[in-house]
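**Q** one predicted model, sequence on top.
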Amino acid sequence: MGENSGEHTAPPAEPQAPATVRARLDIAYAGTAFSGWARQPGLRTVQQAVEEGLAQVLRLAEPPRLTVAGRTDAGVHARGQVAHVDLPAEQWSATPGRSDRTPAVALAHRLSAVLDDDVVIQGVRQVPETFDARFSALWRRYSYRISDRLTTRDPLRRSSVLWHRRALDETAMNAAAHLLTGEHDFAAYCKPREGATTIRILQEFAWERTESGLVLARVRADAFCHSMVRALVGASLAVGEGRRPVGWPAEVLGAGLRDSAVQVAPALGLALEEVGYPQEEAYGLRAQQARAMRTLPPTSPTA
């Protein structure tokens, strides 16, 4: 037939991407032997360990990419880290093998069998594609533990508690911490990253002495910038030792510049305790809000 016969050949069908399942992983780890969460060439990281564990268990050609709620630095611990990953639906469904476990339960147990003892997958669940471990989060909560007395120095917890040589006034530290809560530009307490905002809502910052005698900080915010929690702890230590007045950390915050007098506290006392999320139907909206550029509201003119 000629070119103008009126018959048309249907174009070849576009190859369809394999169906995927989005899974949420709840992760705990002792950060002592890790160079932080994020992959780094030649270094042992939590992200690398879990991604390679997933590739091994699911027999994937390449490790899948995890998205995490908050990247932790070298030596920082986590009890409540959250990540999500998109996995091929076929491998997800095949995870239980001949067992009667669900794919989520089977994957958690199989990962536990291949990971080292200092990282644990506490749970796996299937979540909608609107869930984003990083941007859907409403808040992250950290703790920081300090021993400032010989009687509270427990060698069995040496890798998760800061041993501080000077006695601390936790009441003064708590008073100083309360002055920092709210929405502020925390540039004075963050290591700058090009293009990243330093505006955060510090929802809770409190110090107390526990029944066991440790000095404990509870720090919760919608998000944290790089080294922010440890810098806040460092400023608190200066107050607790009596080297600085209660109002000094707030003065540093107001100045808006890194102050060399604020020393970043060691990583070992810090742990990511929990990440909070909205109800399932609000995952997508929260992610959109979190991605929006942050600005502080204009201040009222003074007389």
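**A** Thanks, I have the structure now.

**Q** can you give me the pLDDT of the closest residue to Asp169 other than its chain neighbours?
**A** If the residues on either side of it in the chain are set aside, Asp169 comes closest to Gly240, at 5.2 Å by Cβ to Cβ, 6 or more residues apart in numbering. C-beta here means a position set from N, CA and C on the backbone, and glycine is covered the same way. As predicted, Gly240 sits at a pLDDT of 98.

**Q** how much space between Gly240 and Val124?
**A** 41 Å (Cβ to Cβ, to the nearest Å).

**Q** which residues does the residue nearest to Asp169 contact?
**A** The contact partners of Gly240, taken as Cβ atoms under 8 Å, 6 or more residues apart in numbering, are Leu168, Asp169, Glu170, Ala172, Met173, Trp207, Val215.

**Q** show me which of those residues are buried.
**A** Leu168, Asp169, Glu170, Ala172, Met173, Trp207, Val215 (16 or more other Cβ atoms under 10 Å).

**Q** return the subset of the residues you listed lying in helices.
**A** Glu170, Ala172, Met173 (DSSP state H).

**Q** so the last one makes contact with Glu208?
**A** So that's Met173. No: if you go by Cβ atoms under 8 Å, Met173 and Glu208 don't touch, sitting 9.3 Å apart.

**Q** okay, and the common contacts of the two?
**A** Common neighbours of Met173 and Glu208 (Cβ under 8 Å, 6+ apart) are Val215.

**Q** in stretch 120-136, which residues are buried?
**A** Neighbour-count burial for stretch 120-136 [16+ other Cβ under 10 Å]: Val120, Ile121, Val124, Val127, Thr130, Phe131, Asp132, Ala133, Arg134, Phe135, Ser136.

**Q** now pLDDT too, for those residues, in JSON lines please.
**A** JSON lines is the format used below for the buried residues of stretch 120-136 (pLDDT from 0 to 100):
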{"residue": "Val120", "pLDDT": "97"}
{"residue": "Ile121", "pLDDT": "97"}
{"residue": "Val124", "pLDDT": "98"}
{"residue": "Val127", "pLDDT": "97"}
{"residue": "Thr130", "pLDDT": "97"}
{"residue": "Phe131", "pLDDT": "98"}
{"residue": "Asp132", "pLDDT": "98"}
{"residue": "Ala133", "pLDDT": "98"}
{"residue": "Arg134", "pLDDT": "96"}
{"residue": "Phe135", "pLDDT": "96"}
{"residue": "Ser136", "pLDDT": "97"}
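
**Q** return the member of those residues nearest to Pro103.
**A** Each of these was scored against Pro103 by Cβ to Cβ, and Val124 proved nearest at 8.2 Å.

**Q** which SS class is Arg24?
**A** strand (DSSP: H, G, I helix; E, B strand; the rest coil).

**Q** how about the nearest residue to it once chain neighbours are set aside, what does it touch?
**A** Nearest residue to Arg24 in three dimensions, chain neighbours excluded: Val127, at 4.7 Å (Cβ to Cβ, 6+ apart). Residues in contact with Val127 (Cβ under 8 Å, 6+ apart) are Arg22, Ala23, Arg24, His84, Glu280, Tyr283.
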